[in-house]
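Q: From the sequence below, what's the structure:
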Amino acid sequence: MPDLSSLDTTRNRILSILLLCLVLVIWQASPVLFKIPAFILPSASAVAVGLWRGLSSGLYLYHGAVTLFEVLAGFALGGFLGLALGVAVALNQRFAYFIYPYIIMFQSMPKVALAPLFVLWFGLGVTSKIVTAALVAFFPMMINTISGLNSADKDRIDLIRSLGGSELQVFTMLRLPSALPFIMAGLEIALALSLIGTVVTEFLGAESGLGMLMQSMNFMMDVAGSFSILIILAIVGLGLNQILIIIRHRVLFWERLGRVDPAADADTAAARPKAQQTGSALPASQK
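A: As a prediction, this is how the structure comes out:
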């Protein structure tokens, strides 16, 4: 008997490919049918030629590698700092009382608007792009971490504490498993924002990178080349997101097993030693 899930997956992939082909056909025909100038909307074939020219010459590969490094470095830095500060705020009420108002204040500021200052302070190299990417990745990671750690069931926390569990056990057995879905969602948002922040900062001033290259092509009215870079950026974003999805499936293994609440095991794990102690204290006639 055929596997229904595999059939659904195959059908969805076929539909996605057909949709892509339809979009390309409409794109190719639109400049001719509606008499749109090439400097406004180039045809799909012209963009494909520009994409092949940039890839074959190695130009896109070099600048793409620079942009990818800036995105990953900023994402790693901002994600780590956001995770660390989120844990500190969620677990320490006194620290949260003093620091959280400033977090809200800086969160309301348009982070991309600070990119010109970062270019002025850190120069045209990769440092200004990494700082911008880290800044835009920091806040969604921190907010999701705080929300996830605070989502743990209070009754279960009290249960583990009443059974002699330490705060470290409460964190590792209950708070962290409950927060993992929030943290993974924060990582996905932070990664997308890191890519956007990096490219925007490259627009403002850079020595290399896809954003700088796209800005140069706009000045030269190479619209087909600019579209080809947009396609590369979309593919890079999709690829990075797929990597995070794979990591999510491995980290949140209980989702694949059909379990909704992993923290429920903490109750059983915490109660088992207590039950064993109670059972051992019973008289031999009652065992």
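Q: tell me the SS of the residue nearest the centre of the chain?
A: In the chain, the centroid-proximal residue (C-alpha atoms, centre = their mean) is Glu188; its distance is 2.0 Å. Secondary structure assignment for Glu188 (DSSP: H, G, I helix; E, B strand; the rest coil): helix.
Q: Could you check how far it is from Phe75?
A: Noted for Glu188: a distance of 11 Å to Phe75, by C-beta to C-beta, to the nearest Å. (C-beta placed from N, C-alpha, C; glycine too.)
Q: got any ranges where the stretch 51-200 of the chain has weak pLDDT?
A: Counting by pLDDT under 70, the stretch 51-200 of the chain shows no low-confidence range.
Q: what are the ranges of the helices in it?
A: Assigned by DSSP state H, counting those that start in this stretch, the helices in the stretch 51-200 of the chain fall at 59-91, 93-107, 115-122, 126-150, 154-162, 167-170, 176-204.
Q: Quick check: closest non-adjacent residue to the residue nearest to the centre of the chain.
A: Excluding the flanking residues, the one nearest Glu188 by C-beta to C-beta, 6 or more residues apart in numbering is Leu244, at 5.5 Å.
Q: residues contacting that neighbour?
A: Met184, Leu187, Glu188, Leu191 (C-beta atoms under 8 Å, 6 or more residues apart in numbering).
Q: Among the residues you listed, which one lies nearest to Asp153?
A: Among the contacts of Leu244, Met184 lies closest to Asp153 (C-beta to C-beta), at 19.7 Å.
Q: pretty sure the closest one contacts Val251?
A: Yes. The pair Met184 and Val251 passes the contact test of C-beta atoms under 8 Å, sitting 6.7 Å apart.
Q: of the two, who's got more company?
A: Set Met184 next to Val251 and count neighbours by other C-beta atoms under 10 Å: Met184 wins out with 18 against 14.
Q: Point me to the helix or strand that includes the nearest residue to that one once chain neighbours are set aside.
A: The shortest distance from Met184 to any non-neighbouring residue, by C-beta to C-beta, 6+ apart, is to Arg248 (4.6 Å). Arg248 is located in helix 223-251, with elements delineated by DSSP states H and E.
Q: what angle sits between that helix and helix 176-204?
A: Helix 223-251 runs at 170 degrees relative to helix 176-204, counting by axes from the mean of the first three to the mean of the last three C-alpha atoms, to 10 degrees.
Q: before we move on, the earlier item: now the residue nearest to Met184: how far from Met173?
A: Arg248 is 21 Å from Met173, by C-beta to C-beta.
Q: So if I had to pick from these two, which one is more boxed in?
A: Applying other C-beta under 10 Å to Arg248 and Met173 shows that Met173 carries more neighbours, namely 22 against 18.
Q: ok so, going back, relative to Gly237, how far out is the residue nearest to the centre of the chain?
A: In this view, Glu188 and Gly237 are 11 Å apart by C-beta to C-beta.
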